[in-house]
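Everything below, folded, please.
(one chain, ligands or ions: 1)
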Amino acid sequence: MADWVAAVVAGVALIVAICAAIYSKQAADAAKDSAKSAQQVAKAELGRDHRDLAPNPEWVRFDTVQNERTGRTNQFIFLTPPRTYLTHADILHATGSRLPISFSPNNQVEGGTEGRAFIANSPESLPAEVEIRFFPPTEDAPGERWGCPCGVPAIGDHADRGHWIMRVKVDDMLSLGLY
Ligand SMILES: [Zn+2]
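Take a look at the predicted model:
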């Protein structure tokens with residue numbers, strides 16, 4: 001091979017190598033960018049899922065139930081979630097006292113069914129607020145099983161602050177005519 005041919009071949013090879021390096025840098029940047037945006041999308045999805053799974057005050061209503069034995073009109077809060085939740089709840093009185101209430105014997109409320117909890121035995125003794133702490137269902141829950149993809153661990157007992165927390169003002173419900 002003549003020297004000039006070897007020089008041209010080497011030159012072309014060098015140019016090809018430079019182009020390949022530029023191309024792979026661009027490809028790597030593009031891959032990094034798309035991985036980054038995929039990560040951002042996934043993060044946003046997780047956030048949205050957590051919010052989408054959050055409880056809605058529209059699932060709650062208040063009503064009275066006549067106790068046949070005592071003849072008294074008892075006040076209840078009803079909860080009808082679209083999917084099964086583990087719940088822990090308290091009634092909060094204006095005096096600051098807090099008493100646990102329960103929507104079902106195992107605190108799970110099956111999706112599409114109505115759980116109810118006693119809040120007062122007369123309209124005069126209604127609490128100021130009801131606090132309901134929601135969790136994804138545990139293994140012994142009836143109905144479909146699901147989890148929140150946000151990954152926040154939950155102990156799920158009565159002292160747990162709740163995966164979601166909802167406070168319902170009883171007065172608001174009364175004034176809205178939802179009672
Ligand atoms: Zn979550």
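
Tell me the residues on this structure that lie near the ion, please.
Residues of the chain that fall close to the ion, judged by Cβ under 5 Å from the ion: His50, Cys148, Cys150. From N, CA and C alone the C-beta is placed, and that goes for glycine too.

Return the members of these classed as buried.
His50, Cys148 (16 or more other Cβ atoms under 10 Å).

Could you dump the residues of the chain next to the ion into a markdown table and include distance to Phe118?
Shown next, in a markdown table, are these (distance: Cβ to Cβ, whole Å):
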| residue | distance to Phe118 |
| --- | --- |
| His50 | 31 |
| Cys148 | 29 |
| Cys150 | 32 |
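
Any buried residues in stretch 162-172, and which?
Gly162, His163, Trp164, Met166, Val168, Val170.

Which stretches in the protein count as helices?
3-52, 170-175 (DSSP state H).

Quickly, which of these bottoms out on average pLDDT?
In terms of average pLDDT, helix 3-52 trails the rest of the helices of the chain, at a mean of 64.

Report the separation between Ile77 and the ion.
24 Å (Cβ to the ion, to the nearest Å).

That residue contacts Thr64, doesn't it?
No - Ile77 is not in contact with Thr64 according to Cβ atoms under 8 Å; the separation is 11.1 Å.

quick one, which of those two is more surrounded?
Ile77 (25 against 14; other Cβ atoms under 10 Å).

Name all residues that make contact with that one.
Neighbouring residues of Ile77 by Cβ atoms under 8 Å, 6 or more residues apart in numbering: Val60, Arg61, Phe62, Ala89, Ile101, Arg116, Ala117, Ile119, Val130, Val168.
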